[in-house]
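sequence below, structure please.
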Amino acid sequence: MLKKTLILSLYFFFSFFSGVASSTNSLPDIGTAGAGALTIDKEKEYGWAFKLMANQGLPIIHDPLLNYYINELGQSLVSNADSVRMPFNFFLIEDNEINAAAFLGGNVKIHTGLFLYANNESELASVIAHEIAHITQRHLARMLEQQSFSNPASLAAMAGSILLALVSPAAGMAALTTTMAVSMQSQINYTRDHEYEADRLGIKTLADAGYDPNGMAQFFSKLAEKYKYASLPPQMLSTHPLPETRLSEARLRAGQYKAKNYSNSLDYQLSKVRITVRFNNITPSAAINLYESQLKNQKYQIKEAALYGLALAHFENKNYPQAQEIVDGLLQQQVDNLFYIDLATDTALALKKPEPIINRLQQLYKRSPDNPVYTINLVTALQENKQYAQAEKILELFIRSHPEHILAQIIAIDLYKSLKNRAKEHYSKAQYLALQGRFREATQEMGSALIHTDNPLDQARYTATMGRYQKDELRLKALNKR
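The predicted structure follows:
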C-alpha cells in the first residue's frame, strides 16, 4: 500500500524514472535540507542534467518526422500557455504504456502508447497541455517546498532517492519507501490539487491553441472506463488518478467554450500510422492485412493515412515497388508532405534509384533549408549516392544550427567514416557522447580528433570544445553540492 501511495505522491516526477535503463552516469542530487523551492535558474540546471541522462538512458525515438511533429504540436500549445518561463523540450519514448510525464526544466516525454490510444489530435494535445501546466505552475518545485516544511531532513533524501531511480529503479523505490513515510496524506491532497489545476489550465491552453477543449474529458473518460475493473491499470492511472469529480469538472470547463467543428488532423493520423507500423509489436504482413482491410471496408478516419500505412507496411515487408506506387499516388495530392517525401526517399534508395528523389529533395531544401525532415533525407540520399562532399556541406550547416540533434550527429559519424576523415569522425563521436552527459569519453574522443588534424582552425575549435566539456562536467558535479 505504501508503495502505491508513494507513486501517487510523486506522480509526474517519479513516472519519468520508472522505465529508465541502467546508466553509467548518475544524476546529481537535488538541493539540500531546507533548500526550499527551486529557483527558475536551478530548475533549468536540473532540466539540463535530466535531458543528458534521458538521452543516455531512455528509449528515445530519433525519428525526424515524429520528432518534428511532436515538437510542432508541443510548441503550438506552449505558445498559448500562461506563465511560460523556460524553453520546452518534447520527446517520444518507445513504450506501449499509455503515459506522458513532465519533468524539471521544461522536459516533457510522450509514450508511443499514448499516441496509439488517443483517437484524435485534440485528445493527444490535451494530455500534453496538462503536462505543460505542471511545468508552468512549477508543481514539482512547490511539492518539494511543501515537503521541506513538514520534514526538512527528508527533502534531500527524497530528491536523492528519486534521482537514484534513474540509475536503478529498484534501488530508487526502496530508498523512497524508507525516506517518504511521513506526511503522506497531506502530500496526496497537495498533488490532487496539482492535478485539478493542470486540468483547468490545460483545457484553457487546449482551447486557445485551437483544439477541441472536450479532448481532455473524452480521453480521460475513455481511459477510466476501459480500466475501471482492471487489476493492473496503465501507468498513467497510477500517476494521474481519475476520480469522477475530476472528470465532471473537465466536462464542465470544456462546456464553457464555444462549440465548433474541429477538423481531423492528417499529420496526427499519419504519425499514428507510422508508430503503428514501425514502433509497435506488429509484423509487416499483419500491418498489410490491417490497412488493406481498412481500405476495403472503409474503416478509417482519413483514407490517405490508411494508404500511407499500407505503403509503410509494404516497405517494411521489402515490397518496394508496391510501396513506391502508393506513395507516388499520395505525392500527387500533396507534393511537399513530409511523411510522403520521407517514404519516397526510403523506397527510391531501396530500389537503387536515388537521382529523382535527390532532385526533388534539393528543391524542397532550397525552400526550407532549416526543415530537419528534408535535410536529413537529402543528406542520407546524397550519402547513399556517394555524393559525400555535398552531403557534408549540408549536414555541417544543419548541425551548426541544431547542435543537439542526435540523429544528425549519428549520421555525421557514418559520413566522416565514409570520407575517411578521422578527425571529424572523432569530433562527431565526441559531440554525440556529450549530448548524453558522457563528458570524459567526449573529451577523449576530442583528443583523438586533435591528433588527426593539422588544421590550425580545427585545432583551436577542438581545444575550445574540450574546455567546454570539462566545464560541463564540473557543472554536473556542482549540482551535487547545492
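
tell me where the stretch 51-200 of the chain has helices.
Secondary structure of the stretch 51-200 of the chain, counting by DSSP state H, counting those that start in this stretch: helices at 64-78, 112-117, 121-136, 139-150, 152-167, 169-179, 184-208.

and the nearest residue to L124 once chain neighbours are set aside, how many neighbours does it have?
Distances taken as Cβ to Cβ, 6 or more residues apart in numbering place A118 nearest to L124, at 4.1 Å, with adjacent residues excluded. Every C-beta, even on glycine, is put in place using the N, C-alpha and C of the backbone. Neighbours of A118 under the rule other Cβ atoms under 10 Å: 22.

hmm, V127 and A118 touching each other?
Yes: the pair A118 and V127 passes the contact test of Cβ atoms under 8 Å, sitting 7.5 Å apart.

quick one: common contacting residues for these two?
Residues within reach of A118 and of V127 at once, by Cβ atoms under 8 Å, 6 or more residues apart in numbering, are F219.

who's in contact with the residue nearest to L124?
For A118, the set of contacting residues under the criterion of Cβ under 8 Å, 6+ apart consists of L124, V127, F219, K272.

now a PyMOL select for only the buried ones of the residues you listed.
Isolation of the buried members of those (16 or more other Cβ atoms under 10 Å) is achieved in PyMOL through the command below:
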select buried, resi 124+127+219+272
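
lowest-confidence entry in the contacts of A118?
In terms of pLDDT, the lowest of the contacts of A118 is F219, showing 88.

tell me if that one really is in a strand.
No: using DSSP: H, G, I helix; E, B strand; the rest coil, the secondary structure at F219 is helix, not a strand.

how about it, nearest residue that isn't a chain neighbour?
For F219, ignoring the flanking residues on the chain, the nearest one in space by Cβ to Cβ, 6+ apart is E123 at 4.0 Å.

now do the strands in the stretch 201-350 of the chain.
Assigned by DSSP state E, counting those that start in this stretch, the stretch 201-350 of the chain shows no strands.

flag the shaky bits of it, pLDDT-wise.
Confidence mapping of the stretch 201-350 of the chain against pLDDT under 70 gives the ranges 226-243.

what ranges do the helices span in it?
Along the stretch 201-350 of the chain, counting by DSSP H, counting those that start in this stretch, helices occupy 215-226, 235-239, 244-255, 266-278, 284-297, 303-316, 320-333, 338-350.

so which of these comes closest to E441?
Each of the helices of the stretch 201-350 of the chain was scored for nearness to E441 using Cβ to Cβ, and the closest is helix 266-278 (29.9 Å).

pull out the buried positions in that closest one.
If you call a residue buried by 16+ other Cβ under 10 Å, then helix 266-278 has these buried ones: 266-278.

which residues touch A408?
So A408 contacts P372, I376, L395, F398, I399, H402 (Cβ under 8 Å, 6+ apart).

what's the spacing between it and F220?
Computed with Cβ to Cβ, to the nearest Å, the distance linking A408 and F220 is 37 Å.

then E195?
Where F220 is concerned, E195 sits at a distance of 11 Å (Cβ to Cβ).

mutual contacts of these two, please.
A shared contact of E195 and F220, defined by Cβ under 8 Å, 6+ apart, is any residue touching both; here these are R246.

and the chain, what are its domains?
Residue ranges for each domain of the chain read 2-255, 264-350, as given by automatic domain parsing.

and the shortest one, how far from the chain's centre?
To tie it back to what came earlier, the one meant is domain 264-350. Its chain's C-alpha centre and that of domain 264-350 lie 22 Å apart, by Cα atoms, centre = their mean, to the nearest Å.

let the chain start at 42 from now.
Noted, 42 is the first residue going forward, which turns the last one into domain 305-391.

gap between the two ends of it?
For domain 305-391, the first and last residues are 32 Å from each other (Cα to Cα, to the nearest Å).

can I assume the residue nearest to F260 is in contact with G256?
Yes: judged on Cβ under 8 Å, E164 makes contact with G256 at a distance of 4.7 Å.

higher neighbour count, the two?
With other Cβ under 10 Å as the criterion, E164 and G256 differ in neighbour count, and G256 comes out ahead with 27 against 24.

these two touch, right, that one and H171?
No: under the criterion of Cβ under 8 Å, G256 is not in contact with H171, lying 10.4 Å apart.

coming back round to it: can you pull the contacts of the residue nearest to F260?
Residues in contact with E164 (Cβ under 8 Å, 6+ apart) are G256, M257, Q259, F260.

go with 10 Å
Applying Cβ atoms under 10 Å, 6 or more residues apart in numbering, one finds that E164 lies in contact with 155, 158, 247, 252-253, 255-261, 263-264, 309.

my read: E357 touches P325, true?
Yes: taking contact to mean Cβ atoms under 10 Å, the distance of 4.0 Å between E357 and P325 places them in contact.

hmm, back to that, okay, the contacts of A159 in a markdown table with distance to Q374 next?
Supplementary listing: the contacts of A159 in a markdown table, determined by distance: Cβ to Cβ, whole Å:
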| residue | distance to Q374 |
| --- | --- |
| L165 | 24 |
| V168 | 30 |
| F260 | 30 |
| K313 | 19 |
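
for the residue lying closest to A391 once chain neighbours are set aside, give me its contacts.
With Cβ to Cβ, 6+ apart as the criterion, A391 has its nearest non-adjacent residue at 4.6 Å, and that residue is Y361. Applying Cβ under 10 Å, 6+ apart to Y361 gives the contacts H355, D387, T388, A389, L390, A391, L392, K393, K394.

if I look at Q472, how far off is Y429?
With the distance defined as Cβ to Cβ, Q472 ends up 19 Å from Y429.

for G488, same thing?
Separation of G488 from Y429 (Cβ to Cβ) stands at 25 Å.

picking up where we left off before, shared neighbours of E357 and P325, which are they?
Contacts common to E357 and P325, judged by Cβ under 10 Å, 6+ apart, are V318.

ok, back up a step: which of the buried residues of helix 307-319 sits closest to G147?
S312 (21.8 Å).

G350 is in contact with the closest one, correct?
No: counting by Cβ under 10 Å, S312 sits too far from G350 to count as a contact (11.2 Å).

report the beta-bridge partners for the most centrally placed residue in the chain.
By Cα atoms, centre = their mean, the mean C-alpha position of the chain lies nearest to F132, the distance being 0.8 Å. Under the criterion DSSP bridges, F132 forms beta bridges with K150.

that one: what's it in contact with?
Contacts for F132 (Cβ under 10 Å, 6+ apart) come out as 92, 95-96, 99, 101-103, 107-108, 111-112, 115, 148-151.
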